[in-house]
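Colleague: model this:
(chains A, B, C and D)
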2 protein chains.
Amino acid sequence: MRRATVYDVAERAGVSIATVSCTYWQPSRVRESTRLKVLEVAKRLNYIPSASARNLARGRVGALGLYSFDFCPVRSLEQGCEDGQEREGETDICTYPLYADEVERGFQQACWQMGQAVLLGGSTGSNPTRSVVDMAGRVDGLALLSWLGDISTLQRLATIMPVVMLAQNPGDLPVLYVSADNYAGLGELIDHLVGVHGAKRIEYVGSMIDPEMRERFHVIQERLTQLGRPVPLMPVDEGFAAKQPFQSVKAMQLARDLPDALVCENDQTALAVINFLRGLGTRVPDDVMVTGADGILAGQFSDPTLTTVQLPMQRIGNIAAHELARQEGKPWTKTKSVLVSEKLKIRQSCGCERPVIHVSDC
Amino acid sequence: MRRATVYDVAERAGVSIATVSCTYWQPSRVRESTRLKVLEVAKRLNYIPSASARNLARGRVGALGLYSFDFCPVRSLEQGCEDGQEREGETDICTYPLYADEVERGFQQACWQMGQAVLLGGSTGSNPTRSVVDMAGRVDGLALLSWLGDISTLQRLATIMPVVMLAQNPGDLPVLYVSADNYAGLGELIDHLVGVHGAKRIEYVGSMIDPEMRERFHVIQERLTQLGRPVPLMPVDEGFAAKQPFQSVKAMQLARDLPDALVCENDQTALAVINFLRGLGTRVPDDVMVTGADGILAGQFSDPTLTTVQLPMQRIGNIAAHELARQEGKPWTKTKSVLVSEKLKIRQSCGCERPVIHVSDC
DNA sequence: TCGGTGATTCTAAGCGCATAGATTAAGATG
DNA sequence: CATCTTAATCTATGCGCTTAGAATCACCGA
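Modeller: Numbers count the residues shown, from 1 in each chain, chains lettered A, B, ... in the order given. Got it, this is the predicted structure:
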């Protein structure tokens, strides 16, 4: 049994398809009695308008897309459950929720509020270009969370529809850049470590591949320069994703030459470093301070709790959606940016007191 | 400047639109040289195929939808941030992530894996029927997490496309019901309370409005009957969402007549009860055992940690997506169901020992 | 050179809907 | 009753793409 279309409804209601269409989109143009008649028939025939047809005719889709790196397989593999099967032990708060999930939340919320549909996409591992292009065909605007594909694809997309890059510097692509103001947040963090805890030597742990991470490092260098403290020339180690992580940290630990503080590229790395050091018999913050960046949930519940710079990820997602909707399908013609401010979260891993947490305060 | 279409590409490449289309979908039918030519022109013109047009022509959309109740406004309001603005204090683990987020995760993962687009929707507050119908027009199949609208709408949808209801009993609608096996999980929980902790009197806290919650209560009654223990005839109180929650619990506490255990409809209620009792000077599990159901993340980090029955929500979302995809747009003709097994999580709130948790074990 | 045979390409017909503009109906006015 | 005005409805076209089947091409052996 075929799905009912406007034609079916029109025929049964004794009107033309134009009238049926108007019944939905310009009700004021059709007489009350016919309107009711049409609606009655539509309901009786289980008529559901085809969005594809509508969008095609209108030239607008009414949906926004969020493309984010596919963390799921990583998470799943780590936990030995390829097919989304349940984990054996407890949920690992270190891999979920992450900042990407917060962004998604804000994006989704904004879209719903504006009556836009939300399309979620991500690299299926094989071909990011293919999947992002497919997605682009389905939406009026696209937000990208961690684009690891080539720039030329973005260039193409940004030419024909509004694209926003989240927490990832777009260079000079004609897109909207929504991110956190690394300068203020990390600056505050360094001030805290130096001013309150008297840190003399501060080292950085993190990769220099990601431009965003690179920027973080540079901000730290800059601030330390301003404060007249020793400035690290390079990160001492890569992040938690390295094959053999933290070998330099280990060497320093063995040589009893740890710095006063290890500032990490993000929270996951910070938590991994803390754990790594614990394995070597070094305690945080007693022997060395460790800080992160992002503000993932795990940092509130780790031991020690994690001093970090919190990125307003939900807000970032929210802004992205609103700005995309405002463009109504029209691409930006030059680079624009919106920076939101970060917030310093002072917790235990820098040596400050444990804040009181009421988990049961629902 | 208009967006490029097949016509533009065809013209510039000196072929017909059919050849352009075949280049993408039946590459074997077009000669290598023309294929390359077409692709080159397409790239040069920034050609992105319109999904609307493709879907219309094909009669299939290539997207699956997940409709879930919109928790966001609730969460936001609770935290005083209407527009997704950042919270002042720490993230409240009791409102995020919840089971809905886990479902979403599993659903999304499965869709990406299958190359299906994911459409996320939810009640925008005003009109659930309108929003779910709009969504239905955009997808080949629909999963519903907490449908609070009317049944007749579902009836309509289920007639023309595959619909799955998640953790919500569909009655006799021709849909797929994917949920957890309350019998086994809650049964185990009761066995534990009675067998290990020697509980004599057990009361239930939760609403009877939601059929799923009602079922939970009945399962408990049944098990207690089997064990020959006193069977509660009614819940003593509604859940955490009530206006004046836990008044009966309060009365029992004042009368020094608390039961041995309070089994709650879900984790959020359990955590709220624990907190409520703490305010009255009653300690859990010393004075009374309290248990939950769902297995939200907060239960792992509360004090005491929460004994609960964990629903494999990610798995449920995953299954839903796979089953929907298998239908290829064809609705189910009668009620079907897939039940996955729950897992008892024994933690502190029933009096058992604290399990060791390694938050930093990333 | 000619018929035959795949390989390649094209023609043509929709898919279901929105909407501009034409047409008709229904009142209103003189 | 003729004319004008407004309300209601319809006709006709196109949105960008897929695909069945027709047409054409390239190349074979006889």
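Colleague: dump stretch A:167-186 to CSV, restricted to CA.
Modeller: Output in CSV follows, covering the C-alpha atoms of stretch A:167-186 (Å, rounded to 0.1, in the frame of the first residue of the first chain):
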residue,chain,number,x,y,z
ALA,A,167,37.2,25.1,18.7
GLN,A,168,39.4,24.7,15.7
ASN,A,169,41.1,27.6,13.9
PRO,A,170,39.9,27.9,10.3
GLY,A,171,42.8,29.9,9.0
ASP,A,172,41.4,32.2,6.4
LEU,A,173,38.5,30.1,5.2
PRO,A,174,35.3,32.1,4.9
VAL,A,175,33.6,30.4,7.8
LEU,A,176,32.6,31.3,11.3
TYR,A,177,35.0,30.4,14.0
VAL,A,178,33.4,29.8,17.4
SER,A,179,35.8,29.0,20.2
ALA,A,180,37.0,29.8,23.6
ASP,A,181,39.3,32.6,24.4
ASN,A,182,42.4,30.7,25.2
TYR,A,183,44.3,33.8,26.1
ALA,A,184,42.2,34.8,29.1
GLY,A,185,41.6,31.4,30.5
LEU,A,186,45.0,29.9,30.3
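Colleague: average pLDDT across that stretch?
Modeller: Per-residue pLDDT over stretch A:167-186 has a mean of 92.
Colleague: all helices of chain A, in order?
Modeller: A:6-13, A:17-25, A:32-44, A:51-58, A:71-78, A:99-114, A:128-136, A:151-160, A:182-191, A:211-226, A:247-254, A:267-279, A:298-301, A:313-327 (DSSP state H).
Colleague: quick one: closest of those to residue B:312.
Modeller: Across the helices of chain A, residue B:312 has its closest neighbour in helix A:71-78 (13.3 Å, CB to CB). All C-beta atoms are positioned from the backbone trio N, CA, C, and that covers glycine.
Colleague: and that closest one, average pLDDT?
Modeller: Per-residue scores along helix A:71-78 average to 46.
Colleague: would you turn the helices of chain A into CSV with distance to residue B:246?
Modeller: Shown next, in CSV, are those (distance: least, CB to CB, whole Å):
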stretch, distance to residue B:246
helix A:6-13, 52
helix A:17-25, 47
helix A:32-44, 43
helix A:51-58, 45
helix A:71-78, 36
helix A:99-114, 29
helix A:128-136, 47
helix A:151-160, 53
helix A:182-191, 41
helix A:211-226, 47
helix A:247-254, 50
helix A:267-279, 36
helix A:298-301, 26
helix A:313-327, 31
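Colleague: closest to residue B:305 out of these?
Modeller: helix A:298-301 (11.4 Å).
Colleague: give me the helices and strands touching the closest one, please.
Modeller: Applying 3 or more CB pairs under 8 Å, 6 or more residues apart in numbering or on different chains; DSSP states H and E, one finds that helix A:298-301 contacts helix A:267-279.
Colleague: pull out the buried residues from the helix it packs on.
Modeller: For helix A:267-279, burial by neighbour count (16 or more other CB atoms under 10 Å in any protein chain shown) applies to A:267, A:268, A:269, A:270, A:271, A:272, A:273, A:274, A:275, A:276, A:277.
Colleague: wait, what's in contact with the second one?
Modeller: The contact partners of residue A:268, taken as CB atoms under 8 Å, 6 or more residues apart in numbering or on different chains, are A:94, A:98, A:239, A:240, A:292, A:294, A:296, A:298, B:362.
Colleague: lowest average confidence across the helices of chain A, which one?
Modeller: Looking at these, the bottom one is helix A:71-78 with a mean of 46.
Colleague: counting neighbours, what do you get for the nearest residue to residue A:211 once chain neighbours are set aside?
Modeller: Spatial nearest neighbour of residue A:211, excluding adjacent residues (CB to CB, 6 or more residues apart in numbering or on different chains): residue A:169 at 4.9 Å. If you count neighbours by other CB atoms under 10 Å in any protein chain shown, residue A:169 ends up with 15.
Colleague: phi, psi of residue A:169?
Modeller: Note on residue A:169: its backbone torsions stand at phi -70, psi 130 [degrees, to the nearest 10].
Colleague: so how far is residue A:147 from it?
Modeller: From residue A:169 across to residue A:147, the span is 11 Å (CB to CB, to the nearest Å).
Colleague: OK, contacts around residue A:132?
Modeller: Applying CB under 8 Å, 6+ apart, the residues near residue A:132 are A:67, A:121, A:142, A:144, A:147, A:149, A:153, A:157.
Colleague: mind doing that once more with 7 Å?
Modeller: A:67, A:121, A:149, A:153 (CB atoms under 7 Å, 6 or more residues apart in numbering or on different chains).
Colleague: any idea how far it is from DNA strand C?
Modeller: 25 Å (CB to the nearest atom of the strand, to the nearest Å).
Colleague: ditto for residue A:244
Modeller: In terms of CB to the nearest atom of the strand, residue A:244 sits 50 Å off from DNA strand C.
Colleague: and if you look at residue A:186?
Modeller: For residue A:186, the distance to DNA strand C equals 48 Å [CB to the nearest atom of the strand].
Colleague: still on that earlier bit, contacting residues for the residue nearest to residue A:211?
Modeller: Contacts of residue A:169 by CB under 7 Å, 6+ apart are A:177, A:211, A:212, A:215.
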